[in-house]
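Participant: Next come a sequence and a model predicted from it.
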Amino acid sequence: MTSTYSSKVFRVTFMTLAVTLIIPLLGAILLLECPIDPQPLSFKEPPILTGVLEPNIKLRQAERLFENQIIGPESIVNIDDVLFTGTADGKILRIEDGEIQTLAQLGHGPCRTREDEPDCGRPLGIRVGPNNTLFVADAYYGIYEINPVTGEVQMLLSTKTPIEGQKLSFLNDLTLTRDGRKIYFTDSSSKWQRRDFPLLVMEGRDDGRLFEYDTVTKEVKVLMVGLRFPNGVELSPAEDFVLVAELTLARIRSC
């Protein structure tokens, strides 16, 4: 009788200890399976914030428009008095006389959370071309030209097309020459998508690139590699160099 009781006590004690130790251990293992592979970063001494760099509070004086009516507008352009922007639910909006209309939908729904973005689409950079058409970079789908009146959509470059053996995972911003022939655009990473941008920042990955796309020959050139989260891109007034912002390193580089 004593032996049976002791055996039961041992089993109960053993199971209790096993559960007490194994469950936290499994939890720790899951938590330690970190998805990022951090890369070393080195920051230069920041410039003195004087002159044109002097901090100011001008944006505090801005008036908020269409608050809670437009979801996450990333970039905005105008054609005369009509405004255009892309939103977090994959739409290109046309705003005229205070009225908001959907001009185009680049992906398809549902668009409830950030996890839906690969299907829903996420238009980021947007510019007006020489013929008053809209050029849009969608983070997941590619580069488009859109008629601002009819909403007709033409894909110029798909993210399904690898460039020099690397996929396009996170198209970000674009700019173009005055004649509309050359488009300069950034791909923030070949590993992470836009929905994963916090992981891209934490990892410090240097797999971002700057490209030149020729709308006539359909050729794509890689202009810069090894960029850490390149996003904003702008062409100089004389169109003799391109500026690109690297978010992770908080700097602007020229090409």
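Facilitator: Thanks, I have the structure now.
Participant: Not counting its neighbours along the chain, what's nearest Thr161?
Facilitator: Spatial nearest neighbour of Thr161, chain neighbours left out: Leu168 (7.3 Å); criterion: C-beta to C-beta, 6 or more residues apart in numbering. C-beta: built from backbone N, CA, C; applies to glycine.
Participant: One more: Ser188?
Facilitator: With C-beta to C-beta, 6+ apart as the criterion, Ser188 has its nearest non-adjacent residue at 4.0 Å, and that residue is Phe170.
Participant: Can you get me a residue count around the nearest residue to Lys44 once chain neighbours are set aside?
Facilitator: Nearest non-adjacent residue to Lys44, counting by C-beta to C-beta, 6+ apart: Arg251, 7.9 Å away. For Arg251, the count of nearby residues is 13 (other C-beta atoms under 10 Å).
Participant: Which pLDDT does the model give Arg251?
Facilitator: Here the pLDDT value assigned to Arg251 is 92.
Participant: And the residue nearest to Ser188, how far from Phe241?
Facilitator: For Phe170, the distance to Phe241 (C-beta to C-beta, to the nearest Å) stands at 24 Å.
Participant: How far off centre is stretch 199-206?
Facilitator: Its chain's C-alpha centre and that of stretch 199-206 lie 13 Å apart, by C-alpha atoms, centre = their mean, to the nearest Å.
Participant: Okay, buried residues for it please.
Facilitator: Buried residues in stretch 199-206, counting neighbours by 16 or more other C-beta atoms under 10 Å, are found at Leu199, Leu200, Glu203, Gly204, Arg205, Asp206.
Participant: Let's have those residues in a markdown table, adding distance to Ala245.
Facilitator: Converted to a markdown table, the buried residues of stretch 199-206 look like this (distance: C-beta to C-beta, whole Å):
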| residue | distance to Ala245 |
| --- | --- |
| Leu199 | 19 |
| Leu200 | 14 |
| Glu203 | 18 |
| Gly204 | 16 |
| Arg205 | 16 |
| Asp206 | 15 |
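Participant: Could you pick out which of those residues are located in helices?
Facilitator: Counting by DSSP state H, the buried residues of stretch 199-206 place Leu199, Leu200, Glu203 in helices.
Participant: returning to what we had before: any figure for the gap between the residue nearest to Ser188 and Ile70?
Facilitator: Separation of Phe170 from Ile70 (C-beta to C-beta): 23 Å.
Participant: Compare neighbour counts for these two and give me the winner.
Facilitator: Higher neighbour count among Phe170 and Ile70: Phe170, with 28 against 17, using other C-beta under 10 Å.
Participant: Confirm for me that the more buried one is in contact with Phe185.
Facilitator: No: Phe170 lies out of contact with Phe185 (C-beta atoms under 8 Å); the separation is 11.2 Å.
Participant: will you turn the ones in helices among the buried residues of stretch 199-206 into JSON lines that also has distance to Ile146?
Facilitator: Listed next are those as JSON lines, based on distance: C-beta to C-beta, whole Å:
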{"residue": "Leu199", "distance to Ile146": "31"}
{"residue": "Leu200", "distance to Ile146": "27"}
{"residue": "Glu203", "distance to Ile146": "33"}
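Participant: re earlier: tell me the contacts of the residue nearest to Ser188?
Facilitator: Going by C-beta atoms under 8 Å, 6 or more residues apart in numbering, Phe170 touches Ala139, Asp187, Ser188, Ser189, Trp192, Gln193, Arg194, Phe197, Leu200.
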